[in-house]
Every structure is written in structure tokens, then in C-alpha cells.
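Undergrad: Mind looking at a prediction? Sequence and model below.
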Amino acid sequence: MDYRAAYEKSITSPEEFWGDQASLVDWIRKPRQVLDSSRAPHHRWFPDATLNTCYNALDRHVVNGAADRVALIHDSPVTGTKRRITYAELLADVAAFAGALQQLGVEKGDRVVIYMPMIPEAVVAMLACARLGAVHSVVFGGFAAHELAVRIDDATPKVVVSASCGIEPSRTIAYKPLLDRALELATHAPEAVIVKQRPEVTADLQDGRDLDWEVAMRAGRTQPAGCVEVAATDPLYVLYTSGTTGRPKGIVRDNGGHAVAMAWSFRHVYDCGPGDVWWAASDVGWVVGHSYIVYAPLISGATTILYEGKPVGTPDAGAFWRVVEEYEVKALFTAPTAIRAIKKEDSAGEFLSRHDLSSLQTLFLAGERLDPDTWQWAGERLGVPVVDNWWQTETGWPIAANLRGLEPMEIKPGSPSVPVPGYDVRVLDGAGQEVPPGTEGAICLRLPLPPGTLTTVWGDEERFISSYLSAFDGHYLSGDGGYVDDDGYLFVMGRTDDVINVAGHRLSTGSMEEVISRHPAVAECAVIGVADTLKGQLPRGFVVLKTGVEADPDEIREELVAMVRGEIGAVAAFKEVVVVGGLPKTRSGKILRRTMREIADGKDTPVPSTIEDPSVLDTLRPALRQE
């Protein structure tokens, strides 16, 4: 089946299409009903089926002869350790830890919060929860105590699983004091805390509540847990994403639809399958880590890499290419900001040229808008397709992509290509009417959403409806703006709140960033709209120069203003450009544009919990406020 036929079938006959894909999963009770729309706008996939996600990720591969295949490679340049774990070994560890949780009273439906660094035990904990039918909620290791407390109160876990520390290139972060403080702040108290002690820091354990990981594992190995049968519609995990109110939203993912979507997308979007070495250079605290470090590759029988390091600084800008060469990686999935960081430090590609990258067939990028300059730089130096894909925490897998395992297409710079089968993408105007090709509007998804997407917001159905389903009847609101061209390619121009109004003209800051990023001296950039009494808003640009570039900031400003004026026009009123040492980002690589804009507008904005380095924002404040 080619792309067009697959897409049309998924939209016009979704039950038939996804009923066929259900064979990618091993069921305990096979689905007889594929889609239940009786409670629209809530739609449930495979409502009468049962399965176990951990069985699909581990047991079935062992049963079917792949016990000795490497499931997980842990590569940690920050500790100098490397480890290969087979499917049989990972299954034994997961069954043991599930047994330990079971001995602590964890049952189907209970929640377990996981607050860990990028170590194999984090994957073991996730899969052990899935094995029991418990609902895991992974919180990025090192999150501030207050933010962790908020998540603990929302998820009300029976157990919290943590580690003594996380390790950054320049520092070690003790997790246990942060966790202890979070538990002091939280109103909910878990019954137990399990701590993996790392040699770099030893955590103090509280009598009667805290348990050493190794002690728990020894107990669990005496009574390893089997797989618990759960409904396809039962929750697998809750993953928190930032909300506009400052209160995080717990995105709920189900078991059955998620397993089918992971298996289908890994094969058809990413062209990977059993035995392939796959690397998603993300973190298990983010949705990419859930979907494409853990579940999709393991459900598919691939070898997945868990990397505890950075694109630069562990030890240099050749870190990624060393990993690709050493493990013969077939496909690498990372964020554009990682490639921009590498390009900033090694624009000539000297580190890259020192490695044999012949195994690499595709570089996939997502998580932040992929500017054409970064796309071109990576493609020219790697000599492989650089493939953008666009999706969200809420969807769990790509909305738009160039489907390398179904029908690879022409790649258009600036576009993640076409809607993925299952996603009925519509671009709507303010009145909810579909706009013509080439016209910008709100990117929406016509219901029902495909399997594997969010089913609700944890404990808050009203917020689920108001946040995503109330803006346009029968549609999910993505919050991003963009357009579809005459060939059906989607162009995502940024969050709808990144569209600014300059003297009545609606202008995309993403379009301005696209122009600025083409300047040969610019490594990365951000454009925000700041309040102006005369024109409503005016764009202000912030640029980071490539390492080693020496240039007069005034000259750079003049050149960038001329470039934007030449391509977008004088209507953009683009006159302000500031050269800065760095841009504030989340740990997943997204530039904190909204925070920058609020500071520029004089608002008393708290530092977001997701920020990677608060000092970058502190340094930038005077420029934002023009002090």
C-alpha cells in the first residue's frame, strides 16, 4: 500500500485500517470492536480487547527466539560506563522489580512516580509498572522540589522510584534531597520510596519508608511478577506537560491503542524493525523517551540506545558521531537544537569527519522547528536524508512526517512533509472554516484522533475538553499555526501565540527566524513579539553566533534587518536584533519564547520548571527589558 492509499483508508475507513494494524500486537483477548465513538468527543480504541504492554515489549521476543538479542545499550560518557542488556536479561530485571513493587502492595491501577536519570533502572521501572498494570508517571530527573511535589499530589503514587543523583557534564545533582523536600511540600505521601544508589553520591535513606534498589531487587527475584491482563483502554502512563495556567496537565496514554501506534509508526514512519540499532537521543522524562527510547523499539524487537550525555561537552562535538559509529546505528532521532549545538561548535564538520557513519541511513529531527539552514548543514555533511517530523506530547507519535518505511517522498525544507495516516489534519480560520492551500491558520485534527493519542487529562475531564476540544467543534486544537501547500505538505510556523500583530498585520515570528537562520554567522535565533503602544507589537530578534565567529554586532544587526526586510517586507517592522551568548531552553531543547516575551513585556514571570540552565535567562533579562 502506498502513502496515498494508506492515508485515504485511515481517514475514510479508520476501523478497517486500524483493525488490520492490530495484528502487530499480541493480545490476550483480541479486539472484536475497533472503535467506540458512542461517547464522542471521547473515542476509545479496541474497547473490548485485553493485553499487557510489557509482554509485547519483552516476553514475546524471548518466547519467539530473540532472548539473546541486545534490547538496550546504555552509553554514559558522563560516568565512562557502557552496558549491553539482552532481551532475556532485561525481562529478568523487569520481572524482579515488578515483584518488588508487588511486595510493596502495588496493583493494577496504582500509580508509581519515577524520578530518575538516564540509567537502565529507569527503563526497568517503567516496564515493571506496565507488567503489573500500574500507571507510571516519569518526572524528569532533577526537576525542582516544588514541581515534583505538584506532580506527586496530582498522580497520588503508592511508590516513588528515584536515584541518588544525576550527572551533568559539569556537576552532579543530588536527587534525594530534592525528592525529600518535594515530599515535605506535597500533601500526598507515598507508602514507599525506592532509591538506586549511584557511586558518585550516596543518598540518606529514611527508616520505614525508603528502600535501597538492590535490596528491593533481591526480594523481587525471589518472587518475580508475571504479566497482568489489562484492558486496552486502561491507562499505561501519565506524562505531565506544562499548562498555560502554570498547573501541569497529566496526559493519559492507554495500553492497546498505544501499543498498536508504537508498532505501526516505528515500522512505517522510521523504517526500523527487529534487530535494527535505533537511537533516540532524548530523555525518558519526555514523550520522545517514552515513545521512542522505550516502547516503540522494544515492542518492535529492535535494539535501543539509552544515552547519558550531551551532544557537545561529553567530551566534544563529536559525541553523537562516536555513538553512531560504535554501535552501527541505523537511524538517529534527536532535536534540531542538538544539531544546532553541534554545528555551533563544529561548523566545518571536523569532528564528524573522524567517524565512520556508513551505518546511518536517516537522521530524524523533531521537538523544535527545523530551520532550513540546519537541515541543509546536516544533510550535506552526513550524506543521508534529514527528515523532520512534527508531533506533540499529547499525540505521542508523529502527526506529520516523511514516511520512510511506507513511501519515502521528496523532502521540502521547512516542512515535516505530509499528514501521517490516522491524522485528519485541517487548517482552520477563526470561524472554524478550512482555509485554502497556502493560507495560514490554526492546525487542527478532525476527530477521532488515531490510536495512541491522549485519552484525557489525568483527573480532569473538564480541562481535557477545554484545552483541546472546545475551540472548534469536532476538532482537536494543536495550538500550532501553519499551512498546507498545493502538494499537501504541511508547514508548521510555530505556536499560534507566536503569531504577532504589527499594525494590524498578522506575521509569523517563525518566518522571520527562518530568514535570520540563513545568515552564515548565526548558529540559532529566536524572534518574539513585544508590546508597542503605537503598533500593538513589534518583533525583536535574539541571535547566537557560531563559535569562532568574530563580527561587529551592529553590522550583524544591519544585515539581518535587511534580510528580513527583503524577504518579508517593511510591514514586518523588524529593526531590533540583539546578539546574545545563549537562548533559554527547556531540557528537551525548546526555546522558551513565551517566557522571553512575558519578561520583555514587563511581567513578573517565574523561571519555568522545565528550563535547562536558569543562568541563561538571568543573563538575557536586561536585553529583554532593554535595561
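TA: Here it is on my side, so go on. Numbers count the residues shown, from 1 in each chain.
Undergrad: For the stretch 251-400 of the chain, just list every one of the strands.
TA: Secondary structure of the stretch 251-400 of the chain, counting by DSSP state E, counting those that start in this stretch: strands at 277-280, 303-307, 331-334, 362-365, 386-390, 400-401.
Undergrad: out of the ones you listed, nearest to residue 8?
TA: Nearest to residue 8 among the strands of the stretch 251-400 of the chain is strand 400-401 (16.2 Å), distances taken as Cβ to Cβ. For the C-beta atoms, the positions are set from N, CA and C on the backbone; glycine is no exception.
Undergrad: pLDDT averaged over the closest one, what's the number?
TA: The pLDDT scores in strand 400-401 average 98.
Undergrad: just stretch 10-29 next, same as before
TA: Stretch 10-29 carries an average pLDDT of 98.
Undergrad: Please point out which parts of that stretch sit buried.
TA: Buried residues in stretch 10-29, defined by neighbour count with 16 or more other Cβ atoms under 10 Å: 10, 11, 14, 17, 18, 19, 21, 22, 24, 25, 26, 27.
Undergrad: Tell me which helix or strand comes right after the helix or strand of the chain with the lowest mean pLDDT.
TA: Within the chain, no helix or strand scores below strand 505-508, which has a mean of 67 by mean pLDDT, DSSP states H and E. Using DSSP states H and E, the next helix or strand after strand 505-508 towards the C-terminus is helix 509-516.
Undergrad: quick one: contacts of that next one?
TA: With contacts defined as Cβ atoms under 8 Å, 6 or more residues apart in numbering, helix 509-516 is touched by 369, 371-372, 414, 492-494, 498-500, 522, 525-529, 539, 541, 543, 560, 563-564, 567-568, 572, 574, 593.
Undergrad: So, low pLDDT: which residues of the stretch 351-500 of the chain?
TA: For the stretch 351-500 of the chain, the stretches with pLDDT under 70 are 496-499.
Undergrad: For residue 83, list each beta-bridge partner.
TA: Beta-bridge pairing for residue 83 (DSSP bridges): residue 74.
Undergrad: So it sits against residue 71, correct?
TA: No. Counting by Cβ atoms under 8 Å, residue 83 sits too far from residue 71 to count as a contact (11.4 Å).
Undergrad: possible to save the strands of the stretch 251-400 of the chain as TSV with mean neighbour count and distance to residue 197?
TA: Shown next, in TSV, are these (neighbours: other Cβ atoms under 10 Å; distance: least, Cβ to Cβ, whole Å):
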stretch	mean neighbour count	distance to residue 197
strand 277-280	24	27
strand 303-307	24	19
strand 331-334	24	30
strand 362-365	22	35
strand 386-390	25	38
strand 400-401	26	41
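Undergrad: Now tabulate those strands in JSON lines and tack on distance to residue 152.
TA: JSON lines is the format used below for the strands of the stretch 251-400 of the chain (distance: least, Cβ to Cβ, whole Å):
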{"stretch": "strand 277-280", "distance to residue 152": "27"}
{"stretch": "strand 303-307", "distance to residue 152": "25"}
{"stretch": "strand 331-334", "distance to residue 152": "30"}
{"stretch": "strand 362-365", "distance to residue 152": "33"}
{"stretch": "strand 386-390", "distance to residue 152": "32"}
{"stretch": "strand 400-401", "distance to residue 152": "35"}
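Undergrad: How far does stretch 127-144 sit from its chain's centre?
TA: Distance of stretch 127-144 from the chain centroid (Cα atoms, centre = their mean, to the nearest Å) equals 16 Å.
Undergrad: Could I get the CA-only coordinates of that stretch as PDB?
TA: In PDB, the C-alpha atoms belonging to stretch 127-144 read as follows (Å, rounded to 0.1, in the frame of the first residue of the first chain):
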ATOM      1  CA  LEU A 127       8.300  -1.700  32.100                       C
ATOM      2  CA  ALA A 128       7.800  -3.200  35.600                       C
ATOM      3  CA  CYS A 129       4.800  -0.900  36.100                       C
ATOM      4  CA  ALA A 130       3.400  -1.900  32.700                       C
ATOM      5  CA  ARG A 131       3.900  -5.500  33.700                       C
ATOM      6  CA  LEU A 132       1.700  -5.000  36.800                       C
ATOM      7  CA  GLY A 133      -0.900  -2.800  35.100                       C
ATOM      8  CA  ALA A 134       0.200   0.000  37.300                       C
ATOM      9  CA  VAL A 135       0.300   3.500  35.900                       C
ATOM     10  CA  HIS A 136       3.800   5.100  35.800                       C
ATOM     11  CA  SER A 137       4.500   8.800  35.700                       C
ATOM     12  CA  VAL A 138       8.100   9.700  34.800                       C
ATOM     13  CA  VAL A 139       9.300  13.100  36.000                       C
ATOM     14  CA  PHE A 140      12.500  14.400  34.500                       C
ATOM     15  CA  GLY A 141      15.300  13.800  36.900                       C
ATOM     16  CA  GLY A 142      16.500  17.000  38.700                       C
ATOM     17  CA  PHE A 143      13.100  18.800  38.500                       C
ATOM     18  CA  ALA A 144      12.700  21.300  41.300                       C
END
